[in-house]
Each structure stands twice: as structure tokens, then as C-alpha cells.
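> Sequence first, then the predicted structure:
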There are 2 protein chains.
Amino acid sequence: MPDRSLLFPAQEYRARIARLQAGMEAQGLDALLLTSAADVFYTTGFLTRFWESPARPWFIVIPRAGDPVAVIPVIGAELMGRTWMPQVRTWDAPDPRDDGVSLLADTLSGLVGETGRIGLPMGLETHLRMPLADFEALRSRLAPRALVDATDCVQRVREIKSGAEIEKIRASCRIAARAFDRVPDFAVAGRPLDNVFRDFQIALLDEGADWVSYVAGGAGPDGYGDVISPAGPTPLQHGDVLMLDTGAVKDGYFCDFDRNFAIGPASDTARRAHAALWHATQDVIAALRPGHLASDAHRMLCDSLRRHGAAPSGGRLGHGLGVTLTEWPSFTPVDDTPLRAGMVLTLEPGCHTTDGRVIVHEENIVLHADGCEVLSPRAPATLPEIA
Amino acid sequence: MPDRSLLFPAQEYRARIARLQAGMEAQGLDALLLTSAADVFYTTGFLTRFWESPARPWFIVIPRAGDPVAVIPVIGAELMGRTWMPQVRTWDAPDPRDDGVSLLADTLSGLVGETGRIGLPMGLETHLRMPLADFEALRSRLAPRALVDATDCVQRVREIKSGAEIEKIRASCRIAARAFDRVPDFAVAGRPLDNVFRDFQIALLDEGADWVSYVAGGAGPDGYGDVISPAGPTPLQHGDVLMLDTGAVKDGYFCDFDRNFAIGPASDTARRAHAALWHATQDVIAALRPGHLASDAHRMLCDSLRRHGAAPSGGRLGHGLGVTLTEWPSFTPVDDTPLRAGMVLTLEPGCHTTDGRVIVHEENIVLHADGCEVLSPRAPATLPEIA
């Protein structure tokens, strides 16, 4: 089998490790411990859908200097062996007596002296993907070494995408754009919404997605009640606004954008809402710059929606994007993360229409020093109608 | 939109809660705190692909007596409101200042006295799906209440499937079986393996899967090197053994079984290995009973493989199945979980062939008092050949 593990040259991964190590130096960390699928993929290139099985933990250890070490179940040895990773240690998981804790503790204590500090992500939008009891045992084994929060260290690195990463996200966006172009072929009045969701996933695969990690949406007169529900069997009806939103994956990188369609002629309400969303997005694409905060993006979207006559929905109106469907920061009034060149972000304004319904629009952008570049081929300014 | 949240009548969920509460009583727990997608879905019926976004935590609190409480981000209020859940509390997530911690602490401290014990899963095959720093803050807020391991309490309940759950898994198995029947249409010599993976996912959707959470496999002469790698662009060749393995999802329930195919005439090695795997599986289907341990199933599979002339591969040779692709127990030499009637399990024997290659076979069964019922329409005894 060809080496799909090397999605990027080893140099790309070495640069990522070097940036993480610079952050560790600045924060006084002697090692990083990573456990999530995203962090493991980001640092190693280890790409597998096997994360769907919660049975086994996986560990990456990055010392402040020198090469990282993978400490993983033996079932992953062959695939990890085809990545750039110079050191791979394995155990026979799952093992209820000791599921990698001793091997991980030995690895960490071999790299970090007793007065050292080991960082792992503990903050917003992070999880520890290992059993909590094993983490407590690890902490005891490593004492007096300190286990401290390294969310900032990891997020400040991962949030700036390399040119190669941006090309991967662009490729995912193009796949989704071609699938969206096919929606009028199957999203016709009378077709049950769950079949439309299936057809859309098939179109995404047919257009080149490796897999489809996320499809959501909704349909109803002048909008939909929420945007995270699975589809039911209700047929599309004339007068509905249909929204489809996807996180399709190519080479481990996500897109995350949506499109709205009127089934039959659009109502004035739906047309006006869609136009306001489109123009608000356009305004922010034109205005957003490095140095703005995440909360500024939220305010700019809300202000522009109001200028265009729409009532902003609650919730976050955009977020980071990359090796997971959503990444930090969040475009809310309370997220003060500075936006920087190289960030890939979604703009996701929503507005209320009637009867508790909303319409939501979403595009994917990359922020450059001189402004935004749109990665998701731009939606039409006028709500498209499916005859 | 019709009520897809009520995949089962409320009575099904009430019965699950009652069984959990009986376990809590036995273990001296005053409340359970659940955070994983699987535990939330199991107790509430809240089904969404939105878990793909790591941005927000979700909490279910089950007191020792009385109704459970959902403590969730407001974006899920509408969907959770359509489930059976009698109490739903929300906050506007993500909020870096307090991402539900206060609301959750208030909910728990309102239900559990200061000398009380709150259980959450901390053991093998579990994760805490909330930021670790927020968990530490929660623990401080709840002191002197104890937070203790409740893995056993949750796993002993979830591992016994109701009749309604078994029908859901059977439906997923049937969808996958129909998709496997179509593999000869697209898995032909010369077709790149990554296209075969796409075609197979399309077939699964076309046959009725809501989504495809897992496809893996491999192809090579007399077998494959591992079973968790994504597909590369290498074309299938005459003499390859192709394996496809899927966790397709219908109504939130998984199947997890595989099929092998010879591309062109099968070699003697491949044919013999497949026959040994099939017969070993058949032997265990005939012999496995409640009262056996998970380690017994492992031993029985290995013994039978050897009797049929095959060398067992390492690793686990089967596991639980249900609302995730894999559940406990694990058929390894070191897992002494007792097997009980109502468990849905996979039998997944593998054997070495040549040059570090393996062939793996997998079926899904439900264990009844009088033996096994096969849920995945049984593979053919002879390795099928695709001309």
C-alpha cells in the first residue's frame, strides 16, 4: 500500500514540532503529552478512522528538545511505522491490568527530570482521551513532576496553518462545492429529508471525499428550528428553505460550510434573510484583518446583519477549522483570542426569520496579512431556487 | 420535522435509568455524571453528529432516585427538548469564563448532599468528554462530595441490550450485508483501493445507512499488513485478498463486521486461512454461552483456529458492540468480564498467512441464554472470488 501516512514531507512535521518546542520553552514546559485524534494526527500524520473505537488510548510525547515519541497500542504499529515518527513504543492493548500507563510513565520520566513540568491540553475545546483513572495513576507515577495546562502552547501553534495545510482545506472545500452544485438534482419537493441527507453524502464521496464526518441541516418554511438535528422522513415541500452543512474530509482535513436552497419560489422573508446573511459575510470578508479579536468578528457580523435589516441569531457566528470540524477561536462576544495571519476560519452568521426559525450561512476563509481569502467557492448572493 | 429523537418509547429510557439507579444503589452512588456521546445518547436518545465538534461539553446527571437532568449548551435545547428528557438546563456555550461548570455544579449539589458520592466512568474504554481543568474546578466546587469511578455501574447496564436495541443493531447489520453483496460490482482488478472504499461507503448509504462512521480494510496477496489504515491509490490486483470492514450507523446503532474477497482465483493459502477463520467462528457460535468469560471466548477462538490449521493473530479477537463501534468486553487473554445473555458481541478471529500478513474475519452475534444468534448474515464458508 502506498504511503498515505506521509500526507506531507517529514519537514512539515519537524517544523510543527519545532514550533511546539518553542512554545514549550516559552512556557517552561519540559514535555508535552498529547492524547486526542487531532493532536496525534497533527504531530505525526497518523490518520485512521480507528479513533471511532474508544477501546484504546494513544499517546504522543514531545520533549522540549529532540524527537517526539509515539506510545501506542501495537495494533497501530504498522501504520505509525509508515509515518515520519522516529520513535514508536507499543503495548498490547486493551489491557485492564495496565493499559499503557507504565510504558507512558517510563517514557515521560526518562525525558523529564523530577523537578520538571509536563504540559497537556486541559482548557476550552480540549479533552483528555484516556481513562481518568489511568491519568490519576500516571500523575502519581510521575510525581513530583507537575502536570500542567498546555492548551495555549498547542492552540497557538495549531491555529496557524501552513501553506500545505491551507491547500488541503481548499481541496476539501472544492469537493464540497461540487457536491453542493448537485443538490438541485436530488433535493426536490416530495423527497424525504433523510434521503436528501443520504444523497448529499453520496455526492460528497463521489466528488472525492475520503469520508463524510459531518452532515447536518434542516428544512422548513422560511428556515429551520435548529442546525444539529439528524434528518427525519418528512418530504421537502414547496416553500421550504433547505440548508445542508458539511464537514467532508480529504487527507484528514475538513471543510465546514453550508448552502441554502429554496424549494420552489423563495418567500420574501427567506430571500431577504439570505441576502442579509450574504452581505454581512461579504462585509466581514472585506474588513477582517489580523489584529482583530474573535469577539470583533462576532460584533462585525452582528452589526452588518442589523445594517442589512436582519436580526442576528444567538450563539457563535464562526470558528476555527482544520483537522477537526470546529477549532477555536469562537466568534462570540466573550472570546478575545487575537486573529492572526494563517488562521483558517469559518464565518457563520445566522438570523431569525419567523416562528423561532433561523437561516444560517457559512463560508470558510483563510486570514492573510492583507485580508481574507475565501476557500469555499462563494455562495450565490441570491437564494437559489430549486424548481 | 418528525420526532427522530424518540427512536424508542420513553419507557425504554425509563427502564435504562431504573437499571442505572439500581446499580447506583448497589454501589452507594448518589448521582451519576455522564459526558460521552454514547452515554448521553443511551440515556436520552439525543442523537446528533454534532459531537464531531469538540467545542462544547454536554452533561447528563442521574440522581439515585427521580428524573435525570440534561445540562447542555443552548444550541442543543431544541433537539434535547424533543427527547423524553423531563428536565433540560442550558447555557450559552462556548464560554471561556465558565463553560457550564457553575450550572453543572449547582445541579449536582442540589441533588447530592455534602457527604454524597458522585460517580462517573473513569475506567478502561472510557473518557471524560470535558476539559480537564473544568473537571478539576467542578471537583473543587463540589467538595466535600466525592467523585468516584462508576465504570462498572454504567458498563453492566449498557452491555445488556434490550430487544429493541438488538433490532436496531440487526437493522444496521442488514444494511451492511446488502452493501457487501454489491462489492463484486466495484471491487475489480485495476480499481484503486481508495475508490473501492468510496464505492463501499456509497453502497452503505444507498442501502439505508444514516451515516458511515467507520470503513477500514486492506488488500494484498494472501492478506494485508494491518486493518486500521486508510486506503491508498494502489489498484487491486489479481491474487489480492480484499477485506472491507464497516461500522455503518442506523438510528444511532452500529454494526461492525467485515468480508473478504479474492480478486481473481484465490490462492491455496488464502482459501485455507479463510476456511479456518470461518470454521473457528462457527465453532464459537455453537459453543459460546452465558457464564463464559471474555477470555474464554479468546481461548476458544485460538484453540479452534489451531485445530483448523491456522496460526492466530495477536490482539483482541472480538468485543462488545452497540452505540459505539466497539464496546467492552475485549476477547483477550486478560479480560475476565463474564458474558451474559443480552450482550451483543463481535467474533473477530484473525490468522497469520505469509510475510507478516493477516486475514481477519468478523461476525456480530447476540448471546441468548441458550446460545448465540448471528446478527450479521453469515459470510460464505468459502472465500468468494471476484472474477
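Received the coordinates, thanks. Numbers count the residues shown, from 1 in each chain, chains lettered A, B, ... in the order given.

> Just give the number of residues close to residue A:233.
11 (other CB atoms under 10 Å in any protein chain shown). Heads up, the C-betas are built off the backbone N, CA and C, glycines and all.

> Surely it is in contact with residue A:197?
No - the criterion here is CB atoms under 8 Å, and residue A:233 misses it with residue A:197 at 10.7 Å.

> Where do the strands of the stretch 151-300 of chain A begin and end?
Taking DSSP state E, counting those that start in this stretch to define them, one finds strands in the stretch 151-300 of chain A at A:211-221, A:240-250, A:253-254, A:257-263.

> Ok, which of the ones you listed comes nearest residue B:34?
Residue B:34 lies closest, by CB to CB, to one member of the strands of the stretch 151-300 of chain A: strand A:211-221, at 22.6 Å.

> and the closest one, anywhere near chain B?
Yes - applying CB under 8 Å from any CB of the partner chain, one finds strand A:211-221 touching chain B at A:211-216, A:218-220.

> Likewise for stretch A:181-199?
Yes - Stretch A:181-199 reaches chain B (CB under 8 Å from any CB) through A:193-194, A:197-198.

> can you give me the end-to-end distance of that stretch?
End-to-end distance of stretch A:181-199 (CA to CA, to the nearest Å): 12 Å.

> Please enumerate residues in contact with it?
Here stretch A:181-199 makes contact (CB atoms under 8 Å, 6 or more residues apart in numbering or on different chains) with A:200, A:203, A:207, A:215, A:217, A:219, A:230-238, A:242, A:244, A:259, A:261, A:263-264, A:384, A:386, B:1, B:205-206, B:209-210.

> Looking at these, which are in helices?
Mapping the contacts of stretch A:181-199 onto helices (DSSP state H) picks out A:200, A:203, B:205-206.

> With respect to residue A:286, which of those is nearest?
Lowest distance from residue A:286 to those (CB to CB) belongs to residue A:200, with 30.3 Å.

> Quick one: residues contacting the nearest residue to that closest one once chain neighbours are set aside.
Computed as CB to CB, 6 or more residues apart in numbering or on different chains, the closest residue to residue A:200 that is not its neighbour in sequence is residue A:244, at 5.4 Å. Counting by CB under 8 Å, 6+ apart, residue A:244 makes contact with A:180, A:183, A:187, A:196-197, A:200, A:215-217, A:258-259, A:261.

> For the nearest residue to residue A:203 once chain neighbours are set aside, give me the pLDDT.
Spatially, and ignoring its direct neighbours in sequence, residue A:203 is nearest to residue A:179 (4.0 Å; CB to CB, 6+ apart). For residue A:179, the pLDDT comes out at 98.

> Pull the number of nearby residues for residue A:179.
Close neighbours of residue A:179, defined as other CB under 10 Å, add up to 26.

> Was I right to think it contacts residue A:207?
Yes - counting by CB under 8 Å, residue A:207 is a contact partner of residue A:179 at 5.0 Å.

> coming back round to it: quick one: buried ones out of the contacts of stretch A:181-199?
Buried members of those, counted by 16 or more other CB atoms under 10 Å in any protein chain shown: A:200, A:203, A:207, A:215, A:217, A:219, A:230-231, A:236, A:242, A:244, A:259, A:261, A:263, A:386, B:1, B:205-206, B:209-210.

> still on that earlier bit, for the residue nearest to residue A:200, give the beta-bridge partners.
residue A:217, residue A:259 (DSSP bridges).

> So for it, what's the pLDDT?
Here the pLDDT value assigned to residue A:244 is 98.

> same for whichever strand or helix holds residue A:147, what does it pack against?
Residue A:147 is part of strand A:146-149 when elements are defined by DSSP states H and E. If contacts are counted by 3 or more CB pairs under 8 Å, 6 or more residues apart in numbering or on different chains; DSSP states H and E, strand A:146-149 sits against strand A:117-120.

> Dump the helix or strand that comes right after the strand it packs on to PDB, restricted to CA.
Following strand A:117-120 in sequence order, the next helix or strand is helix A:132-142 (DSSP H and E). The C-alpha atoms that make up helix A:132-142 are tabulated as PDB, following Å, rounded to 0.1, in the frame of the first residue of the first chain:
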ATOM      1  CA  LEU A 132      -9.400   9.300  34.000                       C
ATOM      2  CA  ALA A 133      -8.300   6.700  36.500                       C
ATOM      3  CA  ASP A 134      -5.300   6.000  34.300                       C
ATOM      4  CA  PHE A 135      -4.500   9.700  34.200                       C
ATOM      5  CA  GLU A 136      -4.600   9.800  38.100                       C
ATOM      6  CA  ALA A 137      -2.300   6.700  38.200                       C
ATOM      7  CA  LEU A 138       0.000   8.400  35.700                       C
ATOM      8  CA  ARG A 139       0.100  11.600  37.800                       C
ATOM      9  CA  SER A 140       1.100   9.500  40.900                       C
ATOM     10  CA  ARG A 141       3.700   7.700  39.000                       C
ATOM     11  CA  LEU A 142       5.300  10.900  37.700                       C
END
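
> quick one: buried residues of helix A:132-142?
For helix A:132-142, burial by neighbour count (16+ other CB under 10 Å) applies to A:132-135, A:137-138, A:142.

> Just name the closest of these to residue A:278, please.
residue A:132 (45.5 Å).

> Next, give phi and psi for residue A:107.
Dihedral angles of residue A:107 (phi, psi; degrees, to the nearest 10) stand at phi -60, psi -50.

> low-confidence ranges in chain A?
Applying pLDDT under 70 to chain A flags the ranges A:1-5.

> quick one: the helices in it?
For chain A, the helices defined by DSSP H occupy A:10-27, A:37-44, A:77-81, A:101-111, A:132-142, A:151-158, A:163-181, A:183-186, A:193-206, A:268-287, A:294-307.

> Including distance to residue B:366, could those go into TSV?
Formatted as TSV, the helices of chain A follow (distance: least, CB to CB, whole Å):
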stretch	distance to residue B:366
helix A:10-27	44
helix A:37-44	30
helix A:77-81	32
helix A:101-111	33
helix A:132-142	30
helix A:151-158	43
helix A:163-181	37
helix A:183-186	36
helix A:193-206	27
helix A:268-287	48
helix A:294-307	49
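
> Out of the ones you listed, flag the one nearest residue A:328.
Here helix A:151-158 is closest among the helices of chain A (CB to CB), at 5.8 Å.

> what angle do that closest one and helix A:37-44 make?
Interaxial angle of helix A:151-158 relative to helix A:37-44 (axes from the mean of the first three to the mean of the last three CA atoms, to 10 degrees): 60 degrees.

> tell me what helix A:151-158 is packed against?
The elements that helix A:151-158 packs onto, with contact taken as 3+ CB pairs under 8 Å, 6+ apart, are helix A:10-27, strand A:31-34, helix A:37-44.

> Extract the C-alpha trace of that helix and format it as CSV.
Taking C-alpha atoms only, helix A:151-158 is exported to CSV below (Å, rounded to 0.1, in the frame of the first residue of the first chain):
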residue,chain,number,x,y,z
THR,A,151,-3.7,24.5,26.0
ASP,A,152,-2.2,27.8,24.9
CYS,A,153,1.0,26.2,23.8
VAL,A,154,-0.8,23.7,21.5
GLN,A,155,-3.5,26.1,20.2
ARG,A,156,-1.2,28.9,19.3
VAL,A,157,0.7,26.5,17.0
ARG,A,158,-2.2,24.5,15.5
